[in-house]
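Novice: The following comprises the amino acid sequence and a computationally predicted model.
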2 protein chains.
Amino acid sequence: MKQSQLFTKTTKQISKEEVSLNAQLLQRAGFVEKLMAGAYTYSPLGLRVLRKIENIVREEMNKIGGQEVLMPMLHPKENWVTTGGWDSIDILFKVPSRTEKEYALGQSEEEIVTPFVMKRVNTYRELPLAVYQIHWKFRDELRAKSGLLRGREFLMKDMYSFNEDQADFDRFYAIAKQAYLAIFKRMGLTAKVTEASGGSFSEKISYEFMVLTDAGEDDILYCSDCDFCVNVEISKQKIGETCSRCNKGKMERATASEVGNVFDLGQKYGKAFDLGFIGRDGKKQFPVMGCYGIGISRAMGVIVEKNNDAKGIIWPASVAPFQYHLICLGDDAEVKATADKLYADMTAQGKEVLYDDRADTGAGAKFADADLIGLPTRLVISAKTLKENAVEVKNRNEEKAELLPLSQF
Amino acid sequence: MKQSQLFTKTTKQISKEEVSLNAQLLQRAGFVEKLMAGAYTYSPLGLRVLRKIENIVREEMNKIGGQEVLMPMLHPKENWVTTGGWDSIDILFKVPSRTEKEYALGQSEEEIVTPFVMKRVNTYRELPLAVYQIHWKFRDELRAKSGLLRGREFLMKDMYSFNEDQADFDRFYAIAKQAYLAIFKRMGLTAKVTEASGGSFSEKISYEFMVLTDAGEDDILYCSDCDFCVNVEISKQKIGETCSRCNKGKMERATASEVGNVFDLGQKYGKAFDLGFIGRDGKKQFPVMGCYGIGISRAMGVIVEKNNDAKGIIWPASVAPFQYHLICLGDDAEVKATADKLYADMTAQGKEVLYDDRADTGAGAKFADADLIGLPTRLVISAKTLKENAVEVKNRNEEKAELLPLSQF
């Protein structure tokens, strides 16, 4: 893509209300714009990042047998009354209409997916099943000041599994947890598996996937020695105590952001809708269900919180909107022609290139923009590099640039 | 994809409330399920069709210079008050919250896109611009009985153009109209460009892209001889009159479904938000804007209305969820191994194959399912075809099957 055609330019003018680092950097670099607290517009650059994260999640969900579906966001009130959520969930948006109907805006989809799947399952032979969607959700938040980390509207991957009994559920639950760790690793994030409350979904503990960051809204305790990690909300231990799991390390406190979670829902939702199946013993059973969330838009914010410096964002290659930032310096016709050709050649090879072809912008501004936008590799063509028949190559996360022969690209 | 793993099976049990043909066929074949009137869940098969239609639209919008963005669905009340839509648009969903805020659910995005784009445009040099999104929209419909043709929640492509003056707008408007005809042609639809009211958007006439179908909710008059076509709502002519455009043909009446529309918005929205730019004369100007919609989910319904027979759906290849329906008949081990290998080979070649590998299903049921699901080409492997070292090939829209050598695949 040519930068001269990109209508979202970098800017220094950010609303003073915007206190979160991820939203500041993403807006300064032109990836998103705040429409209101908790709701952002994604520019062409921002949308590319969102799609990259989505595709990582999609690939890993498909690998473990997830089937992708898409459920409505506008839900009939009845489904939420059936599970009790209509009256008990305070962040549920309730939408009146011109007819006698009232609707809920989806904040999770157990109320929709349970009838959708279980009406199709007659016997245990049709289980296990796991379906997922990547879709927008809504929460009536009182405050939303953490940029992409807390949205009134946000993009989620939510998967739901249906198993015939607890043992088969446990088997799949372990597989899903491993897939989650693989997903976050691909995004360049290290997530701690953290014991937490089941909330409104389950009486059992859930597992949250926590990335340590001061921008997060959760407090966790983790062992300095083993993998044990627990949300302070349910922790029986205190800071400095010896870890009860390994009896070696000390419990330390950290602030973190929850990029994913998995819930053992038990038989709650099958029972609520009275939708079961014929089990191996010929009797009616209810499925043991699981719910598996990943905040796609939140992950984008967390990635920015974890990957930046004073100059701007430093995107991991796996989620960068483009891999290369090609910069043409000066107005020499031969320099311009060489850069144009390199852009055309690389694009034809399927490489993702953002080409700073702007004629009216100086070298300093172009370099500053490239650092702010934060693509993995910067390529510079100038009169100086052309004399060597070379391209200046510099990675965003390194200080040193080097000259490589043009022919190499 | 293996059909044995697909959890949405074909069914004969459709709610009697479902009167529209598109929703009946799509539900019987397992593409969608009705959650409530005007809101459908898309199964893995249905989602693939939706994505194919999306991608045709995306490619053609990119070709004419559209830049893809994604705007929130939850809008601040203020933006809709600014344009008067908050009080005047009856299908606008209004969402109360726990805070003092109220929101609108997006039904079109002029209120959001105008500030988003125009805050970034300082002078005429930064115009023209066209941005678009492919996103869900909401309408508080009193009735929604036409399946995917009228949704309370529906997928739209909406593009917005910004030009410095009427002449430049007219230039782009003509380009966009041509792109629309190309899009519908790629989907296998013939759309008539129909003069219509500008509705709440504009005082000028708009153009609707109408596909003739009795399932539609619009009545149009069209000339039997020339291209002239007009929505009866604004027609000055009556059925049987001589066409006032060509003075040759007669005006005939038809029922149609509006799959797209384009609006000349004039300067209405720039003025409402007081967002202009410095024109060539050095004075402040307001952009001449256009709005260009395509109903993605509605198009899916219209395609089904136009492409079916007594046995089921007949997907045009361009939007079919898979190109091939490979059917393995009988439980002979060699037949099964041959079909398995053919599936693996074709998939490895990047071909889209739905493989009916079900062991417990008879030939009659498999053929009936294939006709109902409606993929372009059916391939059958059986003991009979294996004897000839061949595959039986039949196109969904033809009666005759032929045997082709296995080696050809």
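Specialist: Arrived safely.

Novice: How about A:Ala363: what's its closest non-neighbour residue?
Specialist: A:Leu329 (5.1 Å; C-beta to C-beta, 6 or more residues apart in numbering or on different chains). In short, each C-beta sits where N, CA and C put it, glycine included.

Novice: pretty sure the one you found is touching A:Val335, no?
Specialist: Yes: with contacts counted by C-beta atoms under 8 Å, A:Leu329 reaches A:Val335, the gap being 7.0 Å.

Novice: Which one of those two is surrounded by more residues?
Specialist: Using other C-beta atoms under 10 Å in any protein chain shown, the more surrounded residue of A:Leu329 and A:Val335 is A:Leu329, with 22 against 18.

Novice: dump the residue contacts of the more buried one.
Specialist: Neighbouring residues of A:Leu329 by C-beta atoms under 8 Å, 6 or more residues apart in numbering or on different chains: A:Val335, A:Ala363, A:Lys366, A:Val380, A:Ile381, A:Ser382, A:Ala383.

Novice: The fifth one contacts A:His325, correct?
Specialist: No: applying C-beta under 8 Å, one finds A:Ile381 not in contact with A:His325, separated by 11.8 Å.

Novice: Tell me how far the residue positioned nearest the centre of chain A lies from chain B.
Specialist: Chain A has A:Ile296 as the residue nearest its centroid, 2.4 Å off, counting by C-alpha atoms, centre = their mean. Using C-beta to the nearest C-beta, to the nearest Å, we find A:Ile296 at a distance of 12 Å from chain B.

Novice: need the residues of the stretch 151-300 of chain A near chain B, please.
Specialist: By C-beta under 8 Å from any C-beta of the partner chain, the residues of the stretch 151-300 of chain A that approach chain B are A:Arg152, A:Glu153.

Novice: Relative to chain B, which residue of the stretch 151-300 of chain A is the closest?
Specialist: A:Glu153 (4.8 Å; C-beta to the nearest C-beta).

Novice: Mind pulling up the pLDDT for that residue?
Specialist: With respect to pLDDT, A:Glu153 scores 98.

Novice: That one bridge partners, please.
Specialist: A:Phe138 (DSSP bridges).

Novice: Let me see the contact set for it.
Specialist: A:Gly38, A:Ala39, A:Trp136, A:Lys137, A:Phe138, B:Pro72, B:Met73, B:Leu74.

Novice: Spell out for me the PyMOL command that would select the buried members of the residues you listed.
Specialist: One line in PyMOL is enough to select the buried ones among those; burial here means 16 or more other C-beta atoms under 10 Å in any protein chain shown:
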select buried, (chain A and resi 38+39+136+137+138) or (chain B and resi 72+73+74)
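
Novice: Just after the longest strand seen in chain A, pick out the following helix or strand.
Specialist: In chain A, with assignment by DSSP state E, the single longest strand is strand A:251-266. With elements assigned by DSSP states H and E, the helix or strand that comes after strand A:251-266 is helix A:268-272.

Novice: So which elements touch that next one?
Specialist: Under the contact criterion of 3 or more C-beta pairs under 8 Å, 6 or more residues apart in numbering or on different chains; DSSP states H and E, helix A:268-272 touches helix A:77-83, helix A:110-118, strand A:288-295.

Novice: switch to 10 Å and redo it
Specialist: helix A:77-83, helix A:110-118, strand A:153-163, strand A:288-295 (3 or more C-beta pairs under 10 Å, 6 or more residues apart in numbering or on different chains; DSSP states H and E).

Novice: How far off centre is the longest one?
Specialist: Mean C-alpha position of strand A:153-163 versus that of the full chain (C-alpha atoms, centre = their mean, to the nearest Å) differs by 12 Å.

Novice: Tell me which stretches of the stretch 301-409 of chain A form helices.
Specialist: Assigned by DSSP state H, counting those that start in this stretch, the stretch 301-409 of chain A shows helices spanning A:333-348, A:363-373, A:383-387.

Novice: can you tell if the longest one touches chain B?
Specialist: It refers to helix A:333-348. No: applying C-beta under 10 Å from any C-beta of the partner chain, one finds helix A:333-348 out of contact with chain B, separated by at least 13.4 Å.

Novice: now for that helix, which elements pack on it?
Specialist: If you count contacts as 3+ C-beta pairs under 10 Å, 6+ apart, helix A:333-348 packs onto strand A:324-328, strand A:353-356, strand A:377-381, helix A:383-387, strand A:390-395.

Novice: May I see the buried residues of that helix?
Specialist: A:Val335, A:Lys336, A:Thr338, A:Ala339, A:Asp340, A:Leu342, A:Tyr343, A:Met346.

Novice: hang on, the earlier thing: list the buried residues in the longest strand of chain A.
Specialist: Buried residues in strand A:251-266, counted by 16+ other C-beta under 10 Å: A:251, A:254, A:256-266.

Novice: before we move on, what about stretch A:234-243?
Specialist: Under the neighbour-count criterion of 16+ other C-beta under 10 Å, stretch A:234-243 has A:Ser235, A:Gln237, A:Cys243 buried.

Novice: Smallest distance to chain B belongs to which residue of the stretch 251-400 of chain A?
Specialist: Closest point on the stretch 251-400 of chain A to chain B, by C-beta to the nearest C-beta, is A:Asp360, at 9.3 Å.

Novice: Please name the residues that touch A:Gly301.
Specialist: Contacts of A:Gly301 were listed using C-beta atoms under 10 Å, 6 or more residues apart in numbering or on different chains, and they are A:20-23, A:25-26, A:32, A:40, A:146-151, A:154, A:213, A:215, A:257, A:259, A:295.

Novice: what's around A:Val393, how many residues?
Specialist: Using other C-beta under 10 Å, A:Val393 is surrounded by 18 other residues.

Novice: Report the contact partners of it.
Specialist: Shown in contact with A:Val393 (C-beta under 10 Å, 6+ apart): A:324, A:377-380, A:385, A:400-404, A:408-409.

Novice: got it, and A:Ser197?
Specialist: A:Glu203, A:Lys204, A:Ile205, A:Ser206, A:Glu208, A:Asn231, A:Glu233, A:Ile234 are the contacts of A:Ser197 under C-beta under 10 Å, 6+ apart.

Novice: Just those: which are in strands?
Specialist: Among these, the residues falling in strands (DSSP E) are A:Ser206, A:Glu208, A:Asn231.

Novice: Let me know the secondary structure of A:Leu142.
Specialist: Classification of A:Leu142 using DSSP: H, G, I helix; E, B strand; the rest coil returns coil.

Novice: List phi and psi for it.
Specialist: Taking degrees, to the nearest 10, you get phi -70, psi -40 for the backbone angles of A:Leu142.

Novice: tally of neighbours for it?
Specialist: Counted with other C-beta under 10 Å, A:Leu142 comes out at 10.

Novice: Sort out which of the contacts of A:Val393 are buried, if you could.
Specialist: A:Tyr324, A:Thr377, A:Arg378, A:Leu379, A:Val380, A:Thr385.

Novice: Put together a markdown table for those, with pLDDT on each row.
Specialist: Listed next are the buried ones among the contacts of A:Val393 as a markdown table, based on pLDDT from 0 to 100:
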| residue | pLDDT |
| --- | --- |
| A:Tyr324 | 98 |
| A:Thr377 | 98 |
| A:Arg378 | 98 |
| A:Leu379 | 98 |
| A:Val380 | 98 |
| A:Thr385 | 96 |
